[in-house]
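# this one's structure only:
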């Protein structure tokens, strides 16, 4: 952490006021001046929280607009910054240009429009040293783990993510509750992503990052807006800063207490899923809870189960699975696969091996498809486990 940074809050305010995004693209100069004045302390603290990075680091900034941190990273850290929007807008892509009044400094930023909790990022694997996720987490509605999954994918091995987000147990919130005032954010004219939808407690951010394949380097709370009263309990500052780096395999994890009923969530973006890694949003009815065997995730299906895939000219759909019926060697299990009302093929399995079960499609298939897998019979493990089990599946893909 660079506590030796020589910048001051006043210098940041003076510098950024020369590049008023709001004056050029939104509602006017005053809105931009208020924004910079309100957030300058946070910008400075974010710079101080950065890890040691290589020279001219490659940085992905989620939610770059209005480019305040983008400019600071380029000017004071020599970073090559790629800004990425955090939710879709009317214009899917374009460029924003910011220029100092004297014309001496000019910045041109490509505008890439995605929804960070739903869309794949239009970026290459292992292409960044750092991901900045500043004041984004609290705005998300359904699945922040997708954001961390995609950030993990585009980071180099051991690359860093720096998350800043409001602390829901900050002293100001406690005072508001004691005074019987509501701490939830107001409804917002910019739509559902304009407001804070879920704020986090200091210990929650590391839990979510670790579940998604990161190791937390540092987790702290800092006042960047208010001043915590003297004698307040530790961890009541207004903003959480969490620095983590990629370590284990990336996962779209949905740990409790952050998620409930995610089997109801549908977000079909992949042509291949691996259970326990990235199946969230791709499963329909018929699946049991995720299990693990030797570090490999899998799910049992019952007699029928549905998986959703987004295909691009696929000619085959393949399952990597295993049957466990005790009598499978003498009485093979028939597995069929259907798209819509059409049964594509049936395969018979007569042993207990993990194996690829391939189904040929009658023609090339593109787009989002609902695939139903069925077995002709199930079995019950017994010993208190009365589930009717068909096939256990580790992976499913189209190609």
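Everything's here; your move. Model, not experiment: these values are computed from the prediction.
# what about the chain, any weak spots by pLDDT?
Within the chain, the segments meeting pLDDT under 70 span 1-4, 90-93.
# pull the longest helix from it.
If you go by DSSP state H, the chain has its longest helix at helix 29-49.
# Against which helices or strands is it packed?
Judged by 3 or more Cβ pairs under 8 Å, 6 or more residues apart in numbering; DSSP states H and E, the packing partners of helix 29-49 are helix 9-16, helix 21-25, helix 68-77, strand 128-134, strand 155-166, strand 214-222, strand 239-246. For the C-beta atoms, the positions are set from N, CA and C on the backbone; glycine is no exception.
# Quick check: buried residues in stretch 335-344?
By 16 or more other Cβ atoms under 10 Å, the buried positions in stretch 335-344 come out as 335, 336, 337, 338, 339, 344.
# Which residue ranges of the stretch 51-200 of the chain form strands?
Listed in chain order, the strands of the stretch 51-200 of the chain (DSSP state E, counting those that start in this stretch) span 58-62, 80-84, 93-99, 106-112, 128-134, 155-166.
# Out of those strands, which is closest to residue 250?
Across the strands of the stretch 51-200 of the chain, residue 250 has its closest neighbour in strand 155-166 (9.1 Å, Cβ to Cβ).
# now what about the closest one, what contacts it?
Applying Cβ atoms under 8 Å, 6 or more residues apart in numbering, the contact partners of strand 155-166 are 42, 45-46, 49-51, 53, 126-138, 148, 151-152, 196, 199-200, 205, 209, 214, 217, 238-247.
# Turn the buried residues of stretch 335-344 into JSON lines, including distance to residue 224 and secondary structure.
Rendered in JSON lines, the data for those read as follows (distance: Cβ to Cβ, whole Å; DSSP: H, G, I helix; E, B strand; the rest coil):
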{"residue": "335", "distance to residue 224": "56", "secondary structure": "strand"}
{"residue": "336", "distance to residue 224": "58", "secondary structure": "strand"}
{"residue": "337", "distance to residue 224": "54", "secondary structure": "strand"}
{"residue": "338", "distance to residue 224": "55", "secondary structure": "strand"}
{"residue": "339", "distance to residue 224": "52", "secondary structure": "strand"}
{"residue": "344", "distance to residue 224": "57", "secondary structure": "strand"}
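# Of those, just say which sits nearest to residue 14.
Of all the buried residues of stretch 335-344, the one with the least separation from residue 14 (Cβ to Cβ) is residue 339, at 61.1 Å.
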